[in-house]
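What follows is a protein structure lacking sequence information:
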């Protein structure tokens with residue numbers, strides 16, 4: 001019997017993603033205003049859609065957004081949605097020291113716990129930029145699931161612990177230096193709810209002049225077709241799968257994109273076996289054994 005777990009992960013980056021310029025440049029006030037649109041307008045529009053279709057979603061919220069836009073996010077909290085971790089100011093985790101990663105996690109957990117009255121159990125990396133320390137740090141802080149990695153696109157699994165070794169190709173050294181296989185993967189205790197750039201609204205629909213690979217003017221009908229065809233293939237090929245969609249209020253809160261989500265939800269709902277869930281609920285189904293997943297394997301045996 002078909003069983004399909006579908007859910008939205010909403011990254012409420014607000015202004016944090018724009019003030020974290022990465023290259024040390026000064027934040028552009030116009031871009032900051034785009035983040036404010038997400039917090040002040042986009043959240044309201046998405047909440048109306050979720051209420052219309054009876055959906056509870058997972059909102060991954062940087063602590064900066066919690067502390068800056070409390071009244072707006074209180075509406076999300078009071079509507080019964082899940083809150084997950086997403087950094088403090090949307091930091092690129094791959095550029096942080098272990099100490100900085102730990103400090104951000106601790107501050108973010110404290111902020112979300114104080115705001116919601118409940119300790120968060122899920123995390124998604126800002127910009128899906130992770131580190132070799134990510135699984136261990138998540139485990140240390142009691143996080144049960146992640147939504148950042150791409151070992152699979154539609155099945156849950158236990159996240160590899162990132163202790164495998166691989167050598168980058170460095171042509172300044174003798175070829176023998178890099179001609180070594182990756183060592184075998186080992187599981188962590190973190191459930192992975194797969195991430196996919198192809199189910200994310202930001203790359204095709206958010207204009208960013210500093211990132212020429214980002215389009216911003218792609219028709220939402222094109223994006224909708226891509227998302228529908230992914231769903232169609234998975235529905236044809238699998239009895240069970242997960243379909244996590246990643247969006248942002250400053251993107252999907254735009255009128256033409258909001259209409260796309262309404263069409264997509266109505267299309268998905270025409271299929272038997274569909275269950276809309278938060279990502280916490282998905283992870284619980286997997287951990288309990290009520291919903292199958294896969295095991296991620298690979299690499300040469302370790303010495």
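Perfect, thanks for sending it. Here the structure is a predicted model, which means the values were calculated and not measured.

now the helices for the stretch 101-250 of the chain?
Along the stretch 101-250 of the chain, the stretches classed as helices by DSSP state H, counting those that start in this stretch are 134-140, 202-205, 220-237, 249-252.

I'd like those written out as a markdown table, with mean pLDDT, distance to residue 282 and mean neighbour count added.
Using the backbone N, CA and C atoms, a C-beta is placed for each residue, glycine as well. Shown next, in a markdown table, are the helices of the stretch 101-250 of the chain (pLDDT from 0 to 100; distance: least, Cβ to Cβ, whole Å; neighbours: other Cβ atoms under 10 Å):
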| stretch | mean pLDDT | distance to residue 282 | mean neighbour count |
| --- | --- | --- | --- |
| helix 134-140 | 98 | 16 | 19 |
| helix 202-205 | 94 | 22 | 20 |
| helix 220-237 | 98 | 15 | 15 |
| helix 249-252 | 98 | 20 | 27 |
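
Out of the ones you listed, the one nearest residue 88 is which?
helix 134-140 (14.3 Å; Cβ to Cβ).

got a list of contacts for that closest one?
Defining contact as Cβ atoms under 8 Å, 6 or more residues apart in numbering, one finds that helix 134-140 is touched by 93, 98, 101-102, 105, 123, 125, 146, 148, 159-162, 188-190.

From those residues, list just the buried residues.
Among the contacts of helix 134-140, those scoring as buried are 93, 101, 105, 123, 125, 146, 148, 159-162, 188, 190 (criterion: 16 or more other Cβ atoms under 10 Å).

Farthest pair within those?
Counting by Cβ to Cβ, the most remote pair of the buried ones among the contacts of helix 134-140 is 105 and 160, 19.6 Å apart.

in which helix or strand would I find the closest residue to residue 258 other than its chain neighbours?
Nearest residue to residue 258 in three dimensions, chain neighbours excluded: residue 45, at 5.4 Å (Cβ to Cβ, 6 or more residues apart in numbering). Element membership for residue 45, per DSSP states H and E: helix 43-53.

quick one: average confidence on that helix?
Helix 43-53 shows a mean pLDDT of 98.

Which strands or helices does that helix pack on?
Applying 3 or more Cβ pairs under 8 Å, 6 or more residues apart in numbering; DSSP states H and E, one finds that helix 43-53 contacts helix 70-78, helix 249-252, helix 255-268.

that older thread, and the helices of the stretch 101-250 of the chain: which comes nearest residue 175?
Here helix 134-140 is closest among these (Cβ to Cβ), at 30.9 Å.

returning to what we had before: just the closest of the buried ones among the contacts of helix 134-140 to residue 196, please.
For the buried ones among the contacts of helix 134-140, the nearest to residue 196 is residue 148 (10.9 Å; Cβ to Cβ).

Hmm, that closest one is touching residue 195, no?
Yes. Residue 148 is within contact range of residue 195, at 5.3 Å (criterion: Cβ atoms under 8 Å).

Report the helix or strand with the lowest average pLDDT across the protein.
helix 16-19 (a mean of 92; mean pLDDT, DSSP states H and E).

hmm, back to that, tell me the residues that contact both of residue 148 and residue 195, please.
The contact lists of residue 148 and residue 195 share 124, 128, where a contact means Cβ under 8 Å, 6+ apart.

Just give me the neighbour total for the residue lying closest to residue 279 once chain neighbours are set aside.
Once flanking residues are discounted, residue 279 sits nearest to residue 58: 4.3 Å by Cβ to Cβ, 6+ apart. For residue 58, the number of neighbouring residues by other Cβ atoms under 10 Å comes to 28.
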